[in-house]
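>>> Predicted model and sequence follow; I will ask about them next.
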Amino acid sequence: MTTEKTNVESFDLDHTKVVAPYVRLAGTKTGAKGDVVTKYDIRFKQPNKAHMEMPSLHSLEHLMADRIRNHSEDVVDLSPMGCQTGFYLALLNYNDYDGVLTIIENTLKDVLKAESVPACNEVQCGWAASHSLEGAKALAEEFLAGRDEWHIVFGE
């Protein structure tokens, strides 16, 4: 199979060679005024083998997007991948990989303590009927269980 290079970093990643769970530096972009946006690939599920079910992923996104900002003022965005295998985390002027791992770990520990999903209503959410707090907690617990392997992106 041949693939052509694209304008999207993640499309050029060989998804057959990565081994989830992991946290990968996906790229940096420097703005005209010198600010640097750093993007991380937080992969929960093995590409093309497993995925997060939408209600669980949706609730995990709400929880993480809210709670991660308690651990870093540098968060620009946390967004789910369309393939439902992970999230992207964008940070402003922050490039400490080990620090990012700690931020993610602490955020997921907060998810495990959550008693409700923030903004889980028709006023604040575009699909409020699609949520699962229990599913989000199960995903967080599963990802945390692989904490020692987060730095390993590619298999042998």
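Received the coordinates, thanks.
>>> Going along the chain, name the helices of this structure.
Assigned by DSSP state H, the helices in the chain fall at 54-67, 97-113, 133-145.
>>> packing partners for the first one?
In this structure, helix 54-67 packs against strand 75-80, helix 97-113, helix 133-145, with contacts taken as 3 or more Cβ pairs under 8 Å, 6 or more residues apart in numbering; DSSP states H and E. Yep, even glycine has a C-beta here, placed from its N, CA and C like the rest.
>>> Using CSV, please lay out the ones you listed together with distance to His51 and mean neighbour count.
Listed next are the helices and strands packed on helix 54-67 as CSV, based on distance: least, Cβ to Cβ, whole Å; neighbours: other Cβ atoms under 10 Å:
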stretch, distance to His51, mean neighbour count
strand 75-80, 11, 17
helix 97-113, 18, 17
helix 133-145, 11, 18
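>>> and Gly27, which of the helices of the chain is closest to it?
Nearest to Gly27 among these is helix 97-113 (13.2 Å), distances taken as Cβ to Cβ.
>>> tell me the angle of the closest one relative to helix 133-145?
Between helix 97-113 and helix 133-145, the angle comes out at 150 degrees (axes from the mean of the first three to the mean of the last three Cα atoms, to 10 degrees).
>>> Of all the helices of the chain, which one comes closest to Leu13?
helix 97-113 (17.4 Å).
>>> Using PDB, write down the CA coordinates of the closest one.
The C-alpha coordinates for helix 97-113 follow below in PDB (Å, rounded to 0.1, in the frame of the first residue of the first chain):
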ATOM      1  CA  TYR A  97       7.000  16.200  28.300                       C
ATOM      2  CA  ASP A  98       7.300  14.800  31.800                       C
ATOM      3  CA  GLY A  99       5.200  17.700  33.000                       C
ATOM      4  CA  VAL A 100       2.500  16.900  30.400                       C
ATOM      5  CA  LEU A 101       2.400  13.300  31.700                       C
ATOM      6  CA  THR A 102       1.800  14.600  35.200                       C
ATOM      7  CA  ILE A 103      -0.900  17.000  34.000                       C
ATOM      8  CA  ILE A 104      -2.700  14.100  32.200                       C
ATOM      9  CA  GLU A 105      -2.300  11.700  35.100                       C
ATOM     10  CA  ASN A 106      -3.700  14.300  37.700                       C
ATOM     11  CA  THR A 107      -6.500  15.100  35.300                       C
ATOM     12  CA  LEU A 108      -7.500  11.500  34.900                       C
ATOM     13  CA  LYS A 109      -7.400  11.000  38.700                       C
ATOM     14  CA  ASP A 110      -9.800  13.900  39.000                       C
ATOM     15  CA  VAL A 111     -12.100  12.100  36.500                       C
ATOM     16  CA  LEU A 112     -12.200   9.100  38.700                       C
ATOM     17  CA  LYS A 113     -13.400  11.300  41.600                       C
END
